[in-house]
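Asker: the following block contains a protein sequence and its predicted model.
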Amino acid sequence: MNAKNLTIAVAAVLILAGTPALAIIDGDWEGKGYGKCENPITGDAMYPWQYWKGTISNTTDFVGEWYDDKGNKGYFTAEKIFEGNWVCEFNGRWYVQDEESGIDKYMGYFVMNFHKFKYDCKGEWVSEINYENGWMYGKKK
């Protein structure tokens, strides 16, 4: 191999190694979270995002559900707002559900950062209802 071919080969490897498209975040994710706030439907304490699972599709949408040990549950939706070489950031809204009444109540917003090469994530949720917040983390399944 001559010097010109070697230079081209090295350049190709460097370009491919730095290409974010090789890091796939699409797929299923799950994790845990911490924090407590009041359920506006029942008035009881709930632990949003204690357990959660979600899916990223087309690298732009993140949707899923959360639940806690007390039987509270809800769902979330988010859009990608930033993509760098190492992370993607999603901002979204989260809701609590009440199966008996069929009520879905908007609770607040959240942000989640997904690390492209470690396949892990972390974020923070905020309740706009009672001004509480908490944290969550997870991994790609």
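Answerer: Nice, I can see it.
Asker: mind listing the helices for this protein?
Answerer: 3-17 (DSSP state H).
Asker: ranges for the strands of it?
Answerer: Using DSSP state E, the strands of the chain run over 27-34, 37-38, 45-46, 51-57, 61-67, 73-83, 87-98, 103-115, 120-127, 133-140.
Asker: now the fourth one: buried residues?
Answerer: Which is strand 51-57. Neighbour-count burial for strand 51-57, counted by 16 or more other CB atoms under 10 Å, picks out 51-52, 54, 56. C-beta here means a position set from N, CA and C on the backbone, and glycine is covered the same way.
Asker: for the most centrally placed residue in the chain, give me its contacts.
Answerer: By CA atoms, centre = their mean, the mean C-alpha position of the chain lies nearest to Met112, the distance being 4.4 Å. Listed by CB atoms under 8 Å, 6 or more residues apart in numbering, the contact set of Met112 reads 62, 78, 89-90, 92, 121-123, 136.
Asker: rerun that using 10 Å as the cut-off
Answerer: Residues near Met112 by CB atoms under 10 Å, 6 or more residues apart in numbering: 29, 31, 52, 54, 56, 62, 76, 78, 80, 88-92, 121-125, 136-138.
Asker: report the beta-bridge partners for the closest residue to it other than its chain neighbours.
Answerer: Nearest non-adjacent residue to Met112, counting by CB to CB, 6 or more residues apart in numbering: Gly123, 3.4 Å away. With DSSP bridges as the criterion, Gly123 is bridged to Met112, Met136.
Asker: equivalent analysis for Cys37, please.
Answerer: Note on Cys37: beta-bridge partners by DSSP bridges are Met46.
Asker: roughly how far apart are it and Ser57?
Answerer: 29 Å (CB to CB, to the nearest Å).
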